[in-house]
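>>> A structural model of the following input is requested.
(2 chains)
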Amino acid sequence: MIEDQSSFTKRSRGSSLEGSIVKYIFLACASLSILTTLAILLTLSYQAYEFFKEISIIEFLTGTRWTPILKPRSYGVLPLVSGTLLVTVIAAMVAIPIGLSTAIFLSEYAPDWLRRIIKPILEVLAGIPTVVYGYFALTFVTPLLQVFLPDLIIFNALSAGIVMGVMIIPMVSSLSEDAMISVPRSLREGAYALGATRYEVSLRIVVPAALSGIIAAFIIAISRAIGETMLVTIAAGATPKMTFDPTESIQTMTAYIVQLALGEAPVGSLEYNTIFAVALVLFALTLLMNLLGFWIVTRFREEY
Amino acid sequence: MSSNSHNSINPNRRSRVIIGNIVYVLFLLSGVVGIVGLIVLIIDVLTGGLPWMSWHFIFDYPSRKPAEAGLFSALMGTVWLMFMTALITVPIGVCAAIYLEEYAPRNLLTRIIEINVANLAGVPSIVYGLLGLSLFVYYIGTSDQFLGRSVLAGAMTLSLLVLPIVILASREAIRAVPNSYREGAYAMGADQWQVIKGVVLPSAIPGILTGTILAMSRAIGEAAPVIAISALVYLTFIPSHPMDRFTVLPIQIYNWVSRPQDEFRGLAAAGIIVMLVLLLSMNAIAVFLRNKYQKRSEE
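Purely as a prediction, here's the structure:
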């Protein structure tokens, strides 16, 4: 008995040294995420700095022609930004109304059995690789749109935007639904007691009460659309253009990065550095959106 | 009488009910859009790809002639990439989760780490690709013999991408271990590390495994960051060691889909079928593990 106990204390003393060592290993692993963020910031800024040594930052941010590979070379990033925004706006026009209605339907109307069918299907939709959506836009949606718009070219912002909208519906709906479910029952019951109908309760009580969460859902989904790559690379084209005509072929920031990365641009060349300058703009844009979403959630959250 | 007085309070009750019904139908239709989209997408892929499906398609290498082309190099590249990514991600992700759940004091550092993990999940995947390209391929990787555009460089890049997912899943699994288990072990005189090693981790492993499989199934479909690392899309060999060059399914599919000929579109669809089957089986395993584990903990 005594022997047992002493062996136990010995073991526990021995492993407390081991324990304090592993604690620091764990801390190191957790800190790796901070290192990753720093590494992203440093590599993007360093390579972009190399780029801005040759091209002025003002020309880059205000120029309206992006022809870094073709002569005469021009390094205005605005066509890529406008291409990205065009596709994103189309996607948002599809995903926000449909995603929000889906969320209202799931949280306020749907019986339990229907929720249990729709939610997993939306999860599957969210898990499909984006290359597949690109194939879908190119081989199904574009030909379908050409029935209505005979002049539509094969690679266009409209088709890519619509499919991207479908792609981010699950994100809008599940995040908004989470926000609506956390609205307390008593608010709904109060409105019903006053004679409100179900849609009045949904639109005038639940949605306003969950508004911060819903707007955050929109922002996070839009930020996802801005960073989406393969879908637009496949379906939206490779012609950087300052246009807001959705039937035209455009190029997004992400599609440009892929186009150049595929070509194995020589390290240190100006072309190689352009992708980091573009990526820095992309990173800044999505980071701003994410921070905005985070801020809205924490700042405007209604506490019940 | 009562209905009369009700009407006088709400003179337009009828119209409100009608509007309510219209809105209901609209909401219902929206809920169905996702389902219809998924069904149409699957039909589109199946009709395009099934004629091209065959054993030779799975076990042959890519070719310029559509009839002879296969995706074996891409399939094996994906398998290599998955296993190596899991090998790197799981230990780091689980350790980070243990720290955040079991050790982390409520201080500034912990809060920064948590916000940071959440923010990393929102960084576009192509940005990770560029990080990997400049850090692993060109900065650490000095030549084709070491790192370079290798499977290992790809796996390290993807690990950074899926790490937040693995950390979140592992944290949930660790949090789900009842506190009474920990207290029981402490009461027996165990120290914190013994509690974690002997009690918390064994109970959390099924949850961690499920989360890891789901994270890997996300990684399978990622093309953008891998394109930045591997670049080359035409390979007629499979990787034989971690420093070999590689290609993966989504890149091969992208390569085919971006060619104008219809035959290659068909190959792309067949490739998508293979990738989706792989994805679905991994998800099925994850669901199976989750169910089995839930049943056991209820007993």
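>>> hey, let's count contacts and neighbours off CA atoms from now on
Fine.
>>> Which parts of chain B are strands?
With strands called from DSSP state E, chain B shows none.
>>> measure residue B:46 to chain A for me?
Distance, residue B:46 to chain A, using Cα to the nearest Cα, to the nearest Å: 11 Å.
>>> Show the contacting residues for residue B:88.
Counting by Cα atoms under 8 Å, 6 or more residues apart in numbering or on different chains, residue B:88 touches B:155-156, B:159.
>>> Recalculate using a threshold of 7 Å.
By Cα atoms under 7 Å, 6 or more residues apart in numbering or on different chains, the residues touching residue B:88 are residue B:159.
>>> For residue B:96, list the residues it contacts.
Contacts of residue B:96 by Cα under 7 Å, 6+ apart are A:26-27, A:29-30, B:167.
>>> Just the element for the closest residue to it other than its chain neighbours, please.
Nearest residue to residue B:96, sequence neighbours excluded (Cα to Cα, 6 or more residues apart in numbering or on different chains): residue A:30, at 4.0 Å. Using DSSP states H and E, residue A:30 maps to helix A:2-54.
>>> which helices and strands sit right next to that helix?
helix A:270-300, helix B:72-98, helix B:108-120 (3 or more Cα pairs under 7 Å, 6 or more residues apart in numbering or on different chains; DSSP states H and E).
>>> Determine which stretch of those helices is the most buried.
helix B:72-98 (a mean of 23; mean count of other Cα atoms under 10 Å in any protein chain shown).
>>> That one vs helix B:108-120, what angle?
150 degrees (axes from the mean of the first three to the mean of the last three Cα atoms, to 10 degrees).
>>> and helix B:72-98, what's its mean pLDDT?
In this model, helix B:72-98 carries a mean pLDDT of 92.
>>> Point to the residue nearest the middle of chain B.
residue B:218 (1.5 Å; Cα atoms, centre = their mean).
>>> what sits against that residue?
Going by Cα under 7 Å, 6+ apart, the list of residues near residue B:218 reads residue A:127.
>>> Please apply the same query to the one 3 residues further on.
Applying Cα under 7 Å, 6+ apart, we find residue B:221 in contact with A:129, B:250.
>>> if we can go back for a sec, please compute how far the helix holding residue A:30 lies from its chain's middle.
How far helix A:2-54 lies from its chain's middle: 29 Å, per Cα atoms, centre = their mean, to the nearest Å.
>>> Need the CA coordinates for the helix or strand just after that helix. CSV is fine.
Toward the C-terminal end, the helix or strand that comes next after helix A:2-54 (DSSP H and E) is helix A:57-62. This file holds the C-alpha atoms of helix A:57-62, laid out as CSV (Å, rounded to 0.1, in the frame of the first residue of the first chain):
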residue,chain,number,x,y,z
ILE,A,57,1.3,53.0,-55.9
ILE,A,58,-0.9,55.8,-57.3
GLU,A,59,-0.7,54.4,-60.8
PHE,A,60,-1.6,50.9,-59.4
LEU,A,61,-4.6,52.1,-57.4
THR,A,62,-6.1,54.6,-59.8
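>>> Which one, of the helices and strands packed on helix A:2-54, ends up nearest to residue B:46?
With Cα to Cα as the criterion, residue B:46 lies closest to helix B:72-98 of the helices and strands packed on helix A:2-54, at 18.9 Å.
>>> And the helices in the stretch 101-250 of chain B?
Along the stretch 101-250 of chain B, the stretches classed as helices by DSSP state H, counting those that start in this stretch are B:108-120, B:125-132, B:151-175, B:179-187, B:192-195, B:201-221, B:224-230, B:249-257.
>>> Look up how far residue B:279 lies from the residue nearest to the centre of chain B.
Plainly put, residue B:218 is 8 Å away from residue B:279 if you go by Cα to Cα, to the nearest Å.
>>> got the residues of the stretch 51-200 of chain B near chain A?
Residues of the stretch 51-200 of chain B lying near chain A by Cα under 7 Å from any Cα of the partner chain: B:92, B:95-96, B:98-99, B:113, B:116-117, B:122-124, B:127, B:131, B:134, B:190-191, B:193.
>>> among the helices of the stretch 101-250 of chain B, which is the most enclosed?
helix B:224-230 (a mean of 28).
>>> Which other helices and strands does that one contact?
Helices and strands touching helix B:224-230, by 3+ Cα pairs under 7 Å, 6+ apart, are helix A:253-262, helix B:125-132.
>>> helices and strands of chain A: which one bottoms out on pLDDT?
Sorting the helices and strands of chain A by mean pLDDT, DSSP states H and E puts helix A:2-54 at the bottom, at a mean of 77.
>>> now that helix against helix B:108-120, angle please.
Using the same axes, to 10 degrees: helix A:2-54 against helix B:108-120 is 60 degrees.
>>> among the contacts of residue B:96, which two are most distant?
Applying Cα to Cα across these, the maximum distance is between A:27 and B:167, 13.0 Å.
>>> now the chain, which segments are flagged as low pLDDT?
Going with chain A. A:1-15, A:264, A:302-304 (pLDDT under 70).
>>> please go with chain B instead
B:1-11, B:142-145, B:232-233, B:294-299.
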